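Enquirer: Quick one, structure for this:
(4 chains)
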Amino acid sequence: MSIVYDEQQEAIARESRRVLYARADKARLLDLLERTGAWDRTFWDTAVEQGWTALAVPEAQGGLGLGLIELGLVAQASGAATAGAPFLTSNYGVVRALQAADAELQALWLPRLATGEVVGAVAFAEGNAILPAPPAVTFADGRLNGHKPGVTAGLVADIAVVWAEHAGEPALVLAELAAVSRQPIDSFDNGRLFADLAFVDAPATLLLSGEAARFAALDLLACQAVVTAHEQVGGAEALLFVARDYANERKAFGQPIGAFQSVKHRLAELYGLVEIARANAIHAAALEGQPGFLAAAAAARLSATKAYDTAARDAVQVHGGIGTTWEGGLHLHMRRARSLAIEQGNMLFWEDLLVDELAGAGA
Amino acid sequence: MSIVYDEQQEAIARESRRVLYARADKARLLDLLERTGAWDRTFWDTAVEQGWTALAVPEAQGGLGLGLIELGLVAQASGAATAGAPFLTSNYGVVRALQAADAELQALWLPRLATGEVVGAVAFAEGNAILPAPPAVTFADGRLNGHKPGVTAGLVADIAVVWAEHAGEPALVLAELAAVSRQPIDSFDNGRLFADLAFVDAPATLLLSGEAARFAALDLLACQAVVTAHEQVGGAEALLFVARDYANERKAFGQPIGAFQSVKHRLAELYGLVEIARANAIHAAALEGQPGFLAAAAAARLSATKAYDTAARDAVQVHGGIGTTWEGGLHLHMRRARSLAIEQGNMLFWEDLLVDELAGAGA
Amino acid sequence: MSEIEAYRQKARAWLQSVAPTYGRDALQGLSEAEHLAAGRAYQRAKFAAGFAGIHWDPELGGQGLTPLHKVVFEQEEMGFGMPIAYFGVSLGISVPIVLRFAQDRAWARERAIAALSGDEIWCQLFSEPSGGSDLAGLRTKVETEGNGWKLNGQKLWTTFAQHSDYGVIIARNDPKALKHKGLTFFWLDMKAQGVTVRPIKLAAAGHDHVNEVFFDDVRLDDGQRLSPVGGGFATAMATLMIERYSASDPAGFGPTTATFVELAKASEVNGRPAIQDGRIRSAIARSHAMRMGLEAITTRAMRMMAAGMEPGPEGSLNKLVSVRSRQKLSELAIDLMGQLGLAWDPLASSKDDWVASWLAAPTGRIAGGADEMLLNTIAEKILGLPQDHRPDKGVPFDQIPA
Amino acid sequence: MSEIEAYRQKARAWLQSVAPTYGRDALQGLSEAEHLAAGRAYQRAKFAAGFAGIHWDPELGGQGLTPLHKVVFEQEEMGFGMPIAYFGVSLGISVPIVLRFAQDRAWARERAIAALSGDEIWCQLFSEPSGGSDLAGLRTKVETEGNGWKLNGQKLWTTFAQHSDYGVIIARNDPKALKHKGLTFFWLDMKAQGVTVRPIKLAAAGHDHVNEVFFDDVRLDDGQRLSPVGGGFATAMATLMIERYSASDPAGFGPTTATFVELAKASEVNGRPAIQDGRIRSAIARSHAMRMGLEAITTRAMRMMAAGMEPGPEGSLNKLVSVRSRQKLSELAIDLMGQLGLAWDPLASSKDDWVASWLAAPTGRIAGGADEMLLNTIAEKILGLPQDHRPDKGVPFDQIPA
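Expert: Now for the predicted structure:
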């Protein structure tokens, strides 16, 4: 189900790249790294202004009714710019989860998610597990109790989809965060607004429980993984290009360093990783809601994470000393590569999920 | 416990290299690949003539009373030449196992192992497991029953140390193979004399049982792994040198291909793998019989196998087309790299063993 | 896509109907001569059924369909293990180049039809002992003699030369010219006086397929010339462009991921099911993700071709990435089989057997562009990085130190 | 070896006695100034205890022991996390080169004792913006003025220049000469008029340690010259040989394998103990095997030194192999920690903290010889492969295209 982008999609890709390029400001992003609790408001204003927050919300709820393909293109442009408030991805997770909600709940949140007025987070992980079985956070009588560590966007989100235990079964619930206590996390990629959330009788609504909740949670993670894969591809490709340009320009021993095979081949290998990841990301986005989506999302996640981590390592190496400086800013990508690698579940989780899909869960 | 070779050891290394180099005959080795059941008799005659069969047999039993370090040096020279009847290594395994035997049994076999008159095999594996728990081959009342697949040297060995089940416990037994039925295996490395052994009431003697048998079996495998690691280092180093020489000689695009960084760096990386493997092999050999030997043997096994497999891949790649031909003979090393990788247990076995040593067997 | 999908169905149905006669199982244990005969018969059956020369001009025996139709047929054909190897170079490279450049059009058409129907086989005589990757460094020489030419020298790695009726060849007509300049392109009768073919035995499994070819005063008419005198390098480069659209095999012409999964399901690692071992799971997941990516690249390229667009250059990744990965996956499979994997049949197929796949992988990483050359091409042509230093540039051929 | 073993015991006992004052825990949370002060105090304590200048001439404040004693002390010292970084270049490179080449011997001796006792720090001014790996491409220029010299230009990546009293520097005295020829070596007062030091903030954690240094008409006496005019490159190469024998860290200056094992024991992978997961086990086993190999290489080299033999060149593998591997192991550790690993302290140490280790690894792979340069050196010096193509060879410096 690989696709060739249509004209509207090409336009979204072009326009999001153009806008983000015009508003790029490395100093602003570097500053964010040194502050806990701040985020890239300029990016978020842009996202609202450009309608990116509305992209994947159903038309009936004030959205544009588009999906993973289009959101992926915006994410790719954001990845290239290491732009992005973290909730572009998690908002989509919440939109997906709300498909299981009643009309009233949908009407309450979806229009405001579309306008960017409300920000959503996804709080699944506990300990180092992205989808703990069973979860320690519990839901009963409309109240949520327990602790979720390192929730992306957790510091500012208004609502969260939470993976919880309910009557001995797993459940997906929607929690309001107004009164929830949040502990900001000093992190290596501060703009992601990581926070530990402590739910104490927090008001929440049950969306799904039992096996249905598990399927929906996996689908939600897969959707976020595909958006993130696009963001990772954007980042990896940007690093490939910046390293390529540097290799063509910088001279050592009387010739551009790009004439040395160690550099040429490193970049050619990186090109391969980027193109494989891109192809997997597009393929997965086009399969949303269809059989095979989970496996395709896993393949996209694995190849995009490998591409971005490798790009971060290799682009710095090609740059030599200048690549290691704070002002040079390559570490913006390096840090983002690692935070994105963790946010949607680590490689071990996705490898196992993919093998279960290929070999049968009994395996 | 890394050592610097003493003069006697240096002499063994020099002399074994010299003899094997002088008697090297690629055509003979290539011919062996196409015949099942034949082995490198020239090598074996040399081994007997040079006293290599006696090297590690106790002096009281007609041997030279040396150990893993000296045997390792001979194995390294054999590895470089892809020479070797397979039983140089397994004979040592049998010598080790006989340390647990009574004086009569030792007197019966050790002097003849020292003269090379008798050849020993080690039959541990079943299925794909090098040390099955529990083994399916059973020992009772002086008789052995069951099936051992792919025994190295199994086709011609006179005696074998067998890993068997005895009264509900694991056991090491010594079996005479005169009347045992052997099915030769057509293999990709035929000179190794692989055979499936079918024991039907075969006469055998119990050496050890229970935990003591397991410890002795692991120690025996570790000893063989260290001999093999030297053989692998010898092979990997020979490939490194032949590829280096070819890279200095062969020209493309007007210069030696060794001037291209893709070739230079490939060979430099290989040098690193070889030296790390060599250091581990020497270190392990010097630790024989001391605490930490098992972990050191595992490290030697892992790094030597990686070095030889990589050398086989990379030396062929540096050679281009000529490296893929039958007559070119690089595949002698390529095949040997794989047969040695399997004979003493695969990488998965040794990785697990090493982690158990490092983290505690409970892990 | 529905017309294409229908074509795919039709192709699959036909392939299934002939698989019992020509497929993998039918070929088991055939001698070299029998295998070749089966190949010719299968090619004849394809021609009769309208599946040969799918994207060729009907004037020349083709079907007049698009390259996409051809790729679709090849994708379907791939799984059956049909004996198609003999015709890859012949129909993929040599005959198309003859059809494009031959002076006698009627003769060329005759050859095309004979080749499509499996009666004649063509080879391509490019590589030489002195240079595998460095095509322009070739030394086989051609000199004018009367109103024709005289050919002397040696070619190497010529695929199926031993079964070929004709070949296309590039040779040096002027050693005083720059390396790339003094070359001329011809076709050649492989049965002509002075041509000697000697098969090369490879380390890999299977029947011989590459050869050394020696030329001893072989006489060529000027009518056999396929390029301007001294203009042969451009023609050789054109041959490399002819086969842009072929089905690729993301498994790198080795066993499928499903084959590996089956092995893992049947094996244990230190007493536990291998399919539950993280190392094995990682290998499966990583191989699958990489192969899915290569497959998605091919599918996207086909969709672009179907829409009349030019596919991106990422199609060039396939062989580089897939064969190298197959080599390591095959090693891991051998490790996993342990003592059970020592038994081996020298005629086993690389598509099914892990040892055969591992033994043949080095050939795959070198033939048709070594890894290092492919990486250079990607770096230079796609990424725009500088060429390597080339001491042979701008120097007459006979002054380059040998 | 028993004398060496005794020395090791003695060193360990002394280190244990001062660890509460200067060790890892005592340094937690110190400001940059406090940390430097602790470093000077520790160096003074070493000097007083007879553990500074271990293999230096007693005439120059040293202990007159062998390089092996020095390596043994360093191996023992490594585990304590002492504040030794400030003196690595100073005592390892700069002061020894001054002692070897300075014209005023009494002055040099004075400097040596001040440096050994932690009162003075020296830096080494080699790298420049125009060339990291390509030392001979430097552009900082020195011109005769009166009976001395005048220095102008810029250096980059100068370790601890901001704390240094003196430095050794190489500069170009003749741009018309070949690249390697027109260079001269000096020592320099870092507090002199016209010297400006600007710390560079790195992406990695911790206090600043590298700097840009600008020279604006800095005046040098001819007595500060440490090489013949135009003979500076050889002196620079000599500095690279001075520190041949140093303790190496097979963990690549990152956390130990035991630290990783502890993490794995405390973690789960998809509901199972991480220490039982094949992927984690493979990473542990492979790291350990590699590190044991590097350690065995070092041990063997020390034994050879102790026996008066020259150690093999394989010692040069350490940084290349260990730092690169540490980078990937750190990534895996971060993956394993998952959401729990997001919290991070920017002053955490690379030896204990996986995020700090991962962030600083790129610096480790570049500083003191980039991976690519080390591979080239191994290929050329150890294996005897040809040098890369060098268009700058045999060309006057001012005619090499910038």
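Enquirer: I'd like to know how many residues surround the residue in the stretch 1-150 of chain C that chain D sits nearest to.
Expert: Nearest residue of the stretch 1-150 of chain C to chain D, counting by C-beta to the nearest C-beta: residue C:134, 15.8 Å away. For glycine as for every other residue, the C-beta is placed from the backbone atoms N, C-alpha and C. Counted with other C-beta atoms under 10 Å in any protein chain shown, residues neighbouring residue C:134 total 19.
Enquirer: now do residue C:31
Expert: 10.
Enquirer: Which pLDDT value belongs to it?
Expert: Here, the pLDDT recorded for residue C:31 equals 92.
Enquirer: now it: how far from chain B?
Expert: For residue C:31, the distance to chain B equals 17 Å [C-beta to the nearest C-beta, to the nearest Å].
Enquirer: can you list the domain ranges for chain C.
Expert: Domain assignment of chain C by automatic domain parsing yields the ranges C:3-116, C:122-242, C:257-369.
Enquirer: what's the closest of these to residue A:90?
Expert: Residue A:90 sits nearest to domain C:257-369 of all those, at 24.1 Å, using C-beta to C-beta.
Enquirer: Could you give the separation of the closest one from the chain centroid?
Expert: Chain-centre distance of domain C:257-369: 19 Å, with C-alpha atoms, centre = their mean, to the nearest Å.
Enquirer: From start to finish, how long is it in a straight line?
Expert: Start-to-end span of domain C:257-369 (C-alpha to C-alpha, to the nearest Å) is 25 Å.
Enquirer: Check whether it comes near chain A.
Expert: Yes - using C-beta under 8 Å from any C-beta of the partner chain, domain C:257-369 comes into contact with chain A via C:257-258, C:261, C:264-265, C:273, C:275-276, C:278, C:281-282, C:284-286, C:288-290, C:292-294, C:296-297, C:299-300, C:303-304, C:307, C:309, C:312, C:314, C:317, C:320-321.
Enquirer: Check residue C:247 and give its pLDDT.
Expert: 68.
Enquirer: show me what contacts residue C:108?
Expert: Residues near residue C:108 by C-beta atoms under 8 Å, 6 or more residues apart in numbering or on different chains: C:60, C:98, C:99, C:102.
Enquirer: Filter the residues of domain C:257-369 next to chain A down to the buried ones and hand me the PyMOL line.
Expert: For the buried members of the residues of domain C:257-369 next to chain A, the matching PyMOL selection, counting by 16 or more other C-beta atoms under 10 Å in any protein chain shown, is:
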select buried, chain C and resi 257+261+264+275+276+278+281+282+284+285+286+288+289+290+292+293+294+296+297+299+300+303+314+317+320+321
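Enquirer: Keep only the residues of domain C:257-369 next to chain A that also lie close to chain D.
Expert: C:278, C:281, C:282.
Enquirer: circling back: excluding chain neighbours, what is closest to the residue of the stretch 1-150 of chain C closest to chain D?
Expert: residue B:252 (4.2 Å; C-beta to C-beta, 6 or more residues apart in numbering or on different chains).
Enquirer: now stretch C:230-244: mean pLDDT?
Expert: Here stretch C:230-244 scores 80 as its mean pLDDT.
Enquirer: any idea which helix or strand comes after the lengthiest helix in chain C?
Expert: As assigned by DSSP state H, the longest helix anywhere in chain C is helix C:278-306. Using DSSP states H and E, the helix or strand that follows helix C:278-306 in sequence is helix C:317-337.
Enquirer: give me the low-pLDDT residue ranges for the stretch 201-350 of chain C?
Expert: C:241-247 (pLDDT under 70).
Enquirer: What parts of it come near chain B?
Expert: So the stretch 201-350 of chain C meets chain B at C:201-204, C:267-271, C:277, C:279, C:327, C:331, C:334-346 (C-beta under 8 Å from any C-beta).
Enquirer: ok, now the stretch 151-300 of chain A?
Expert: So the stretch 151-300 of chain A meets chain B at A:260, A:261, A:262, A:265 (C-beta under 8 Å from any C-beta).
Enquirer: switch the cut-off to 10 Å
Expert: Proximity of the stretch 151-300 of chain A to chain B, by C-beta under 10 Å from any C-beta of the partner chain, involves residues A:259, A:260, A:261, A:262, A:263, A:264, A:265.
Enquirer: could I get these as CSV with secondary structure, distance to residue D:6 and neighbour count?
Expert: Output for these, formatted as CSV (DSSP: H, G, I helix; E, B strand; the rest coil; distance: C-beta to C-beta, whole Å; neighbours: other C-beta atoms under 10 Å in any protein chain shown):
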residue, secondary structure, distance to residue D:6, neighbour count
A:259, helix, 55, 25
A:260, coil, 49, 26
A:261, helix, 51, 25
A:262, helix, 46, 22
A:263, helix, 50, 27
A:264, helix, 54, 27
A:265, helix, 51, 22
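Enquirer: any idea which of these is closest to residue B:24?
Expert: Nearest to residue B:24 among those, with distances taken as C-beta to C-beta, is residue A:261, at 34.1 Å.
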